[in-house]
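Visitor: What would the 3D arrangement of this be:
(one chain, ligands or ions: 1)
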Amino acid sequence: MSHGKALACAIRAAKAAGGLMLKNRWSQKKINSETKHDIKLELDVRSQKTIEKILRKEFPRIPVLGEEGFTGDIKEQTRWVVDPIDGTVNFAHGIPHSCVSIALQENGQSVAGVVYDPFVNELFTAVRGQRAKLNGRPISVSKRDKLEQAIVSLGFAKNMFTMEQMLPTMTKLVNSARKIRIMGSAALAAVYVAAGRTDVYLEYGVRLWDIAAGGLIIECAGGEFWNRPVEGEHAYHVIANNGLLRRELEKITG
Ligand code: IPD
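Guide: Residues are numbered from 1 along each chain as shown. You can find the predicted model right below:
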């Protein structure tokens, strides 16, 4: 299948879902469920349905694995991986830092990806083998090669185990990096590295749909997206960087 055609369809779906976010920005958000460190909105579900409808209309045989459930046989070699609202807690609280993330995967590898931030109308895209783009213009990771000059984004996944793993790493990074940022959207954290705004994104136990598109976009912008699967959870330990900071990061993360 043509990855370019898949990307065009994913862009349409991401923009439709982003439109829903903007339309509902100021309205009372209906919460479907809450846990100690997470909120799930009715709009997450509606947004995933919107995305699925667009993707499946053009590609009826390709299954969709999303944060809000799946359609079709997601063990197929080709599948979509969708986060309808990444940064849900930000969105629920009215913080305009969240996005839509859609990736096409073949044999477990992302080959096309879109991350769309409707609040600033930024569309990050990539097709494996081609340069990543932001609103149609090529982007590159930063050239900073010292951690002491770097901005490091961290993510705290939703369970205590991964949070406790992150805390000692964070303490070390607070001392070694120029700045730490914890902004609440894994997909945006990834594409900010791709665009050279930040230099590193690190999270333990982040879910596949949060980073499937962003990881590809980093690689297609010349960066490095190191990830190790967490067994049985569609989750990963991720160290993403501009490709120049890996040694210093390894000293810190062990
Ligand atoms: C969450 C955000 C957050 C990250 C969590 C994710 P959600 O995704 O991306 O930044 O730290 O690991 O689960 O629930 O808002 O789609």
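Visitor: going forward, measure contacts between C-alpha atoms and count neighbours the same way
Guide: Noted.
Visitor: domain parsing for this protein?
Guide: Taking automatic domain parsing as the domain assignment, the ranges for the chain are 3-138, 147-253.
Visitor: Kindly reformat these as a markdown table containing mean pLDDT.
Guide: Output for the domains of the chain, formatted as a markdown table (pLDDT from 0 to 100):
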| stretch | mean pLDDT |
| --- | --- |
| domain 3-138 | 95 |
| domain 147-253 | 94 |
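Visitor: Make JSON lines out of these and add mean neighbour count and distance to the ligand.
Guide: Shown next, in JSON lines, are the domains of the chain (neighbours: other CA atoms under 10 Å; distance: least, CA to the nearest ligand atom, whole Å):
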{"stretch": "domain 3-138", "mean neighbour count": "19", "distance to the ligand": "3"}
{"stretch": "domain 147-253", "mean neighbour count": "21", "distance to the ligand": "3"}
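Visitor: what sits up against the helix or strand where Glu34 lies?
Guide: Glu34 is located in strand 31-35, with elements delineated by DSSP states H and E. Here strand 31-35 makes contact (CA atoms under 8 Å, 6 or more residues apart in numbering) with Ile39, Lys40, Leu41, Glu42.
Visitor: strands paired with the helix or strand the first one falls within, and their directions?
Guide: With the criterion set as DSSP H and E, the secondary-structure element containing Ile39 is strand 38-41. Each strand paired with strand 38-41, and its direction, by DSSP bridges: strand 31-35 (antiparallel).
Visitor: picking that back up, go ahead and measure how far the following helix or strand past the strand holding Ile39 is from the middle of the chain.
Guide: For strand 38-41, the following helix or strand on the C-terminal side (DSSP H and E) is helix 42-58. Put simply, helix 42-58 sits 17 Å off its chain's centre (CA atoms, centre = their mean, to the nearest Å).
Visitor: Start the count at 28 instead of 1 going forward.
Guide: In the new numbering, first residue 28, that becomes helix 69-85.
Visitor: Can you tell me which helices and strands helix 69-85 packs against?
Guide: helix 30-50, strand 105-113 (3 or more CA pairs under 8 Å, 6 or more residues apart in numbering; DSSP states H and E).
Visitor: Now do it and helix 30-50, the angle between them.
Guide: 150 degrees (axes from the mean of the first three to the mean of the last three CA atoms, to 10 degrees).
Visitor: Output helix 69-85 as CSV, restricted to C-alpha atoms.
Guide: This file holds the C-alpha atoms of helix 69-85, laid out as CSV (Å, rounded to 0.1, in the frame of the first residue of the first chain):
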residue,chain,number,x,y,z
GLU,A,69,-16.5,10.8,26.7
LEU,A,70,-14.8,13.0,24.0
ASP,A,71,-11.9,10.5,23.8
VAL,A,72,-14.3,7.8,22.6
ARG,A,73,-16.2,10.1,20.2
SER,A,74,-12.9,11.3,18.8
GLN,A,75,-11.6,7.8,18.3
LYS,A,76,-14.9,6.9,16.5
THR,A,77,-14.5,9.9,14.2
ILE,A,78,-10.9,8.8,13.4
GLU,A,79,-11.9,5.2,12.8
LYS,A,80,-14.7,6.1,10.5
ILE,A,81,-12.3,8.1,8.2
LEU,A,82,-9.5,5.5,8.3
ARG,A,83,-11.8,2.5,7.7
LYS,A,84,-13.8,4.2,5.0
GLU,A,85,-10.6,4.4,2.8
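Visitor: list the contacts for Arg155?
Guide: Going by CA under 8 Å, 6+ apart, Arg155 touches Ser137, Val138, Ala139, Leu243, Cys247.
Visitor: I'd like to know how far it sits from Ala130.
Guide: Arg155 sits 11 Å away from Ala130, going by CA to CA, to the nearest Å.
Visitor: try Ala40
Guide: Using CA to CA, Ala40 is found at 11 Å from Ala130.
Visitor: cool, and Val227?
Guide: As judged by CA to CA, Val227 and Ala130 stand 21 Å apart.
Visitor: Equivalent analysis for Glu175, please.
Guide: For Glu175, the distance to Ala130 (CA to CA) stands at 33 Å.
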